[in-house]
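Colleague: okay, sequence plus prediction incoming.
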Amino acid sequence: QLQLVESGGGLVQSGGSLRLSCAASGYTLDYYDVAWFRQAPGKEREGVSCISSSGSSSGGSANYADSVRGRFTISRDGAKNTVYLQMNSLKPEDTAVYYCNTVRGPVLYWGQGTQVTVSS
């Protein structure tokens, strides 16, 4: 059974940093694209960043939403079967529940989310 588990969220002051983890079990995460989304209270879920599979032609390339580019960095650790989201220079508007997802065949998998709260 494929599972994704996010961790690393918490309360941080504006300008601070957090590193979120998305750990997979049941399959090798390196083989698949992985994305981070977030959802703030009263808002729709939005894409934050994604990283292509290590075996793809783009070889683990990353993309970012304009709102986080230059502040967030997505990366992989194949040995730990984990994708990370390093978040620096956090702003109050980054406050949200952060989710990772991946697609395996016809199925989209989501983790349970981790809360990030940035105080001003």
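Modeller: That came through fine.
Colleague: buried sites along the helix or strand harbouring residue 6?
Modeller: Using DSSP states H and E, residue 6 sits within strand 3-7. Of the residues in strand 3-7, 4, 6 count as buried by neighbour count, 16 or more other C-beta atoms under 10 Å. C-beta here means a position set from N, CA and C on the backbone, and glycine is covered the same way.
Colleague: again, but for stretch 101-109
Modeller: 101, 102, 109.
Colleague: export those residues as CSV, with columns for secondary structure.
Modeller: Output for the buried residues of stretch 101-109, formatted as CSV (DSSP: H, G, I helix; E, B strand; the rest coil):
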residue, secondary structure
101, strand
102, strand
109, strand
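Colleague: now tabulate the residues you listed in CSV and tack on distance to residue 70 and pLDDT.
Modeller: Shown next, in CSV, are the buried residues of stretch 101-109 (distance: C-beta to C-beta, whole Å; pLDDT from 0 to 100):
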residue, distance to residue 70, pLDDT
101, 23, 96
102, 25, 94
109, 29, 94
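Colleague: quick one: which of these is nearest residue 47?
Modeller: Residue 47 has its nearest neighbour among the buried residues of stretch 101-109 in residue 101, at 9.7 Å by C-beta to C-beta.
Colleague: so what's that closest one up against?
Modeller: 4, 34, 35, 37, 108, 109, 110, 111 (C-beta atoms under 8 Å, 6 or more residues apart in numbering).
Colleague: what about residue 25, how many neighbours?
Modeller: Number of residues near residue 25 (other C-beta atoms under 10 Å) recorded here: 11.
Colleague: residue contacts, the closest residue to it other than its chain neighbours?
Modeller: In this structure, residue 25 finds its nearest non-sequential neighbour in residue 3, 4.9 Å apart by C-beta to C-beta, 6 or more residues apart in numbering. By C-beta under 8 Å, 6+ apart, the contact list for residue 3 reads 24, 25, 26, 109, 111.
Colleague: partners of the strand holding residue 6 in the sheet?
Modeller: strand 18-25 (antiparallel) (DSSP bridges).
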